[in-house]
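> Fold the following and give me the result.
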Amino acid sequence: MSASLRVYSFSLKRCKRSTPKRLATIRKMKRDSAYPTMAEQQKQEEELWDAMKVTACVLGAGLLLFTALESSAWYVQNIWDTWGHFWQTTWLKLYYLLEGKELTLFLLGAALMPTLAFWCFNGILMVADVTGKPTFITRYRIQLGKNDPVDTKKLRQAIYTALCNQVFISFPMLLSMFYILKWWGNTFSKELPTFRWFLLELSIFTIVEEILFYYTHRLVHLPLLYKHVHKKHHEWTAPIGVVSIYAHPVEHILSNMLPAMTGPMLMGSHIVCIAVWFSLAVVTTSISHCGYHLPFLPSPEFHDFHHLKFNQCYGVLGVLDYLHGTDTVFRQTKAYERHRVLLSLTPLSKSIPDAPRRAE
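Numbers count the residues shown, from 1 in each chain. All right, here's what the predicted structure looks like:
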């Protein structure tokens with residue numbers, strides 16, 4: 001046998017011996033590629049565990065809240081009953097004073113009362129924004145050095161836009177809401193709802209608003225809508241209270257009005273419940289935008305961070321942000337540590353200051 005034939009025979013035998021090993025290796029690689037690696041498995045297990053913890057926390061918190069409301073509702077109901085005659089008599093006096101005119105009662109409760117609440121609260125804040133006084137407000141500023149004082153030209157533009165939205169957008173939408181509620185037939189009842197029913201409706205309103213606001217807010221952050229609609233609202237990277245309704249008309253409809261209106265329309269709520277809900281809604285959204293972390297009020301750190309970073313913290317309560325992972329950056333910041341009700345007079349910007357910036 002020639003040398004070339006011996007080499008070919010040796011190579012052929014070696015190839016035959018190695019082929020099963022190679023096939024086994026290929027099969028193993030294919031089998032391994034169908035399954036995640038150890039790191040991926042560990043990450044998936046962690047994500048699953050986190051999701052289970054979130055679910056447990058949400059359900060647990062809901063159960064605790066329900067238990068607390070049930071246990072305290074009896075006590076509060078007694079107080080409500082004590083004052084019940086007073087409130088019922090006051091409502092009937094107003095009802096008969098206005099001769100039971102439903103449209104007048106509706107506009108008084110759903111339009112005038114929330115509007116007064118909005119401008120009275122923001123009027124105080126605007127004095128602090130423009131003058132820097134009183135210091136017992138300005139010392140609680142979140143973004144230090146911003147709006148100190150506020151640009152009066154931008155402020156005038158914000159006030160003008162807010163008024164236009166209230167007059168030309170909110171008012172017509174409230175008129176359409178009136179006819180929907182009139183169809184229900186309970187909105188202008190002479191008998192006020194019970195306190196428990198009132199609490200139940202407020203809870204439903206809050207949940208509905210959280211869901212609708214989160215997803216409509218994510219919607220207007222899509223590039224096309226952001227450029228033509230939502231960018232107006234984000235001109236203020238350090239917001240102030242009146243900026244809460246400084247928005248493009250489309251955004252004012254989708255994200256400001258519909259989330260607040262839908263709950264009462266679904267429930268066919270009494271006008272008194274609607275008036276209280278709308279007033280609470282406009283004041284709380286003003287707090288979220290006010291730029292001051294004031295004592296004993298809800299924390300505005302969450303939404304203030306959204307204005308600062310744009311792609312975090314889309315919701316109101318933060319539950320959907322946690323479930324969708326749109327608060328991951330926020331949770332790694334000092335702002336997250338400050339995101340709680342301030343129960344002392346020491347500003348959280350001093351007790352939990354931001355980390356010093358690195359020298360460039």
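
> And the helices in the stretch 51-200 of the chain?
Listed in chain order, the helices of the stretch 51-200 of the chain (DSSP state H, counting those that start in this stretch) span 102-106, 113-131, 135-138, 152-164, 171-184, 195-220.

> would you turn these into JSON lines with distance to Pro347?
For glycine as for every other residue, the C-beta is placed from the backbone atoms N, C-alpha and C. Below are these laid out as JSON lines (distance: least, C-beta to C-beta, whole Å):
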{"stretch": "helix 102-106", "distance to Pro347": "42"}
{"stretch": "helix 113-131", "distance to Pro347": "14"}
{"stretch": "helix 135-138", "distance to Pro347": "10"}
{"stretch": "helix 152-164", "distance to Pro347": "23"}
{"stretch": "helix 171-184", "distance to Pro347": "38"}
{"stretch": "helix 195-220", "distance to Pro347": "28"}
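
> Those: which one's closest to Leu320?
helix 195-220 (4.4 Å; C-beta to C-beta).

> Which elements pack onto the helix or strand containing Leu320?
Leu320 is part of helix 319-324, with elements assigned from DSSP states H and E. Helices and strands touching helix 319-324, by 3 or more C-beta pairs under 8 Å, 6 or more residues apart in numbering; DSSP states H and E, are helix 38-97, helix 195-220.

> Tell me, what's the model's pLDDT at Ala51?
In this prediction, Ala51 carries a pLDDT score of 52.

> oh sorry, the question was meant for Ala61
The predicted local confidence for Ala61 is 57.

> Quickly, which of the helices and strands packed on helix 319-324 bottoms out on average pLDDT?
helix 38-97 (a mean of 66).

> As JSON lines, the helices of the stretch 51-200 of the chain with mean neighbour count would be great.
Below are the helices of the stretch 51-200 of the chain laid out as JSON lines (neighbours: other C-beta atoms under 10 Å):
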{"stretch": "helix 102-106", "mean neighbour count": "17"}
{"stretch": "helix 113-131", "mean neighbour count": "18"}
{"stretch": "helix 135-138", "mean neighbour count": "14"}
{"stretch": "helix 152-164", "mean neighbour count": "15"}
{"stretch": "helix 171-184", "mean neighbour count": "15"}
{"stretch": "helix 195-220", "mean neighbour count": "18"}
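
> Relative to Leu342, which of those helices is closest?
The closest of the helices of the stretch 51-200 of the chain to Leu342 is helix 135-138. By C-beta to C-beta, the value is 12.7 Å.

> How about residues contacting the closest one?
Contact partners of helix 135-138, identified using C-beta atoms under 8 Å, 6 or more residues apart in numbering, comprise 124-125, 128, 132, 148, 292, 294.

> again, 6 Å this time
128, 132, 292 (C-beta atoms under 6 Å, 6 or more residues apart in numbering).

> what's in contact with stretch 170-189?
Contacts to stretch 170-189, defined as C-beta under 6 Å, 6+ apart, come from residues 102, 105-106, 110-111, 257, 261, 265, 268, 270-271.

> Considering those, which is situated nearest to Phe305?
Closest to Phe305, out of all of the contacts of stretch 170-189 and judged by C-beta to C-beta, is Met257, at 24.3 Å.
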